[in-house]
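[1] when you get a sec, could you give me coordinates for this:
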Amino acid sequence: MFNNIAPGYDFLNRTLSLGTDRIWRRKLRKMLDVANPAVVLDVATGTGDLAIECAKKRKSREIIGVDISEKMLEKGREKIERKHLGDRIDLRYGDSENLEFESNTFDAVVVGFGVRNFENLERGLREMHRVTKPSGNVFILDFSMPRNMFIRTLYRFYFFRILPFIGKIVSGNNHAYRYLPESVSNFPQYEQMTSLMNKIGFANAVYKSLTFGIAVIYSGVKN
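    This is a model prediction of the structure:
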């Protein structure tokens with residue numbers, strides 16, 4: 001599915017979110033900058049937008065991005081080449097639930113709109129925990145359902161009616177943009193997600209709501 005929508009993926013992200021996805025990634029990067037990790041893993045990197053954002057402001061930071069979609073990675077490598085970041089960002093094919101890296105490798109692990117796509121969420125989170133160094137950080141950015149009923153109603157109308165229609169017209173893929181709202185609805189959110197992170201071993205897991213709860217950043221520290 002992601003290979004099929006890769007050509008128009010970035011354009012649709014900008015269009016369907018009205019550019020807000022860039023602001024959300026910037027907020028995650030600022031949280032990452034406080035932790036100031038030297039080596040970062042970007043899980044489910046897609047076309048590399050979060051990896052590119054994380055490379056800003058810290059010119060010595062090294063980032064490895066992994067994704068299971070080769071077509072997404074191809075688009076990401078093209079962007080990285082245009083931005084002359086090839087010496088700092090390395091995009092690789094890889095399974096997020098079976099990472100090829102040794103334990104305790106990365107100072108921080110980040111994910112942008114990827115954990116909903118894990119076949120087994122707990123297994124994917126355990127892999128992220130395994131490759132993070134002790135006292136290292138994890139930051140997870142993803143969509144959520146707003147808690148305010150008025151905002152939630154508007155959001156659900158847009159998410160389930162408007163977004164799939166536009167996505168189908170632009171990408172030609174009806175399933176992909178119906179899958180997105182369905183995956184958000186079925187994904188553990190807020191306290192459910194932080195409880196799961198704590199269970200796996202990310203201490204003091206917390207969440208930060210963005211744009212009325214349309215998106216959330218979850219963060220924690222490896223015990």
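[2] tell me which residues in the helix or strand hosting residue 139 are buried?
    In the assignment (DSSP states H and E), residue 139 maps to strand 132-143. Within strand 132-143, the residues scored as buried using 16 or more other C-beta atoms under 10 Å are 132-133, 136-143. All C-beta atoms are positioned from the backbone trio N, CA, C, and that covers glycine.
[3] what lines up beside it in the sheet?
    strand 106-112 (parallel), strand 215-222 (antiparallel) (DSSP bridges).
[4] now the helices: where do they sit in this structure?
    Secondary structure of the chain (DSSP state H): helices located at 2-5, 9-16, 20-35, 49-54, 70-82, 121-131, 149-157, 163-171, 176-185, 191-200.
[5] what helices and strands are in contact with the fifth one?
    Packing contacts for helix 70-82, counted by 3 or more C-beta pairs under 8 Å, 6 or more residues apart in numbering; DSSP states H and E, involve helix 2-5, helix 9-16, helix 49-54, strand 62-67, strand 89-93.
[6] returning to what we had before: so which of the helices of the chain is the most packed in?
    Mean neighbour count (mean count of other C-beta atoms under 10 Å) peaks for helix 49-54 among the helices of the chain, with a mean of 25.
[7] quick one: residue 119 and residue 95 touch, right?
    No: assessed by C-beta atoms under 8 Å, residue 119 is found out of contact with residue 95, at 9.5 Å.
[8] who's more crowded, these two?
    residue 95 (14 against 9; other C-beta atoms under 10 Å).
[9] which residues does the nearest residue to the more buried one once chain neighbours are set aside contact?
    Closest residue to residue 95 apart from its sequence neighbours, by C-beta to C-beta, 6 or more residues apart in numbering: residue 68 at 5.7 Å. Residue 68 is in contact with 2, 44, 93-96, counting by C-beta atoms under 8 Å, 6 or more residues apart in numbering.
[10] could you pull up phi and psi at residue 68?
    The phi/psi pair for residue 68 (degrees, to the nearest 10) reads phi -90, psi -10.
[11] just to revisit the earlier point, ok, residues contacting the strand holding residue 139?
    24-25, 28, 31-32, 35, 37, 41, 50, 104-116, 128-129, 180, 184, 187, 193, 197, 202, 214-223.
[12] same check on stretch 97-110?
    Here stretch 97-110 makes contact (C-beta under 8 Å, 6+ apart) with 28, 32, 35, 37-43, 50, 54, 64, 66, 94, 118-120, 123-124, 127-128, 130-134, 136-141.
[13] now the end-to-end length of stretch 76-88.
    One end of stretch 76-88 sits 13 Å from the other (C-alpha to C-alpha, to the nearest Å).
[14] gap between the residue lying farthest from the centre of the chain and residue 156?
    Relative to the C-alpha centroid of the chain, counting by C-alpha atoms, centre = their mean, residue 150 is the outermost residue, at 26.4 Å. Note on residue 150: its distance to residue 156, by C-beta to C-beta, to the nearest Å, is 11 Å.
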